[in-house]
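Undergrad: could you work out the structure for the sequence below:
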Amino acid sequence: MKKAIIPIQQIAKSIYVLRGRRVILDFELARLYRVTTGNLNKAANRNRERFPADFMFQLSAEEADGLIFQVGRSKGRGGRRHLPYAFTEEGVAMLSGVLRSKRAVTVNIAIMRAFVKLREILETNRDLAQKFAELERRVGTHDKEISAIIDAIRQLMVPPEKPKREIGFHVREQVPRYRTHKTRGTRASLPL
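TA: Presented below is the predicted three-dimensional model:
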């Protein structure tokens, strides 16, 4: 089996929820496809009939400002002259036909796998939450021990926090070992 060109975890970090849809922004796609954002948008706009509003949409100024906190601002020269475009899962699939390169096809396969994996994870968590809610209704609040078990399981479902890295320089000193030597033979007695 051929190894994926881009890890699914990396793609999953590029997926945002906007207007109730899971999308990938144009600059994230351009980075994955290794093309400029301008060329990606030009290719999509040249084939506008392939990208209806539920496949691709341009962000409003408020949405773009809200993303600055999630994505960050570019520190390079220049910057964007236009608001970014968001591509839904279907829009990303349509891009493979528009871009027509081997890399575009392989990247699209990886992106589709990331969307499917994300859907599976969300569905699994939803099912698990429903089962716990049903179990809680059956048990009721009168049995404290079972409620405590359910609370413990819920706490286990929460991802653990990463430990904070200590800042500073730490010196690990070697402690010298001291030995007491016993004299061989007779022990010297102390005067009284």
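
Undergrad: C-alpha only now, for contacts and for neighbours.
TA: Noted.

Undergrad: could you pull out the helices for the chain?
TA: 8-12, 26-33, 37-46, 61-71, 89-99, 102-139, 144-157 (DSSP state H).

Undergrad: in TSV: these, plus mean pLDDT.
TA: Output for those, formatted as TSV (pLDDT from 0 to 100):
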stretch	mean pLDDT
helix 8-12	75
helix 26-33	87
helix 37-46	88
helix 61-71	73
helix 89-99	83
helix 102-139	78
helix 144-157	73
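
Undergrad: next, format these as TSV and append distance to residue 174 and mean neighbour count.
TA: What follows is the helices of the chain, written out as TSV (distance: least, C-alpha to C-alpha, whole Å; neighbours: other C-alpha atoms under 10 Å):
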stretch	distance to residue 174	mean neighbour count
helix 8-12	43	15
helix 26-33	50	18
helix 37-46	56	15
helix 61-71	46	12
helix 89-99	59	18
helix 102-139	49	15
helix 144-157	40	12
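
Undergrad: how about those helices in JSON lines, adding distance to residue 54?
TA: Compiled in JSON lines, these are given as follows (distance: least, C-alpha to C-alpha, whole Å):
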{"stretch": "helix 8-12", "distance to residue 54": "20"}
{"stretch": "helix 26-33", "distance to residue 54": "15"}
{"stretch": "helix 37-46", "distance to residue 54": "14"}
{"stretch": "helix 61-71", "distance to residue 54": "17"}
{"stretch": "helix 89-99", "distance to residue 54": "8"}
{"stretch": "helix 102-139", "distance to residue 54": "16"}
{"stretch": "helix 144-157", "distance to residue 54": "34"}
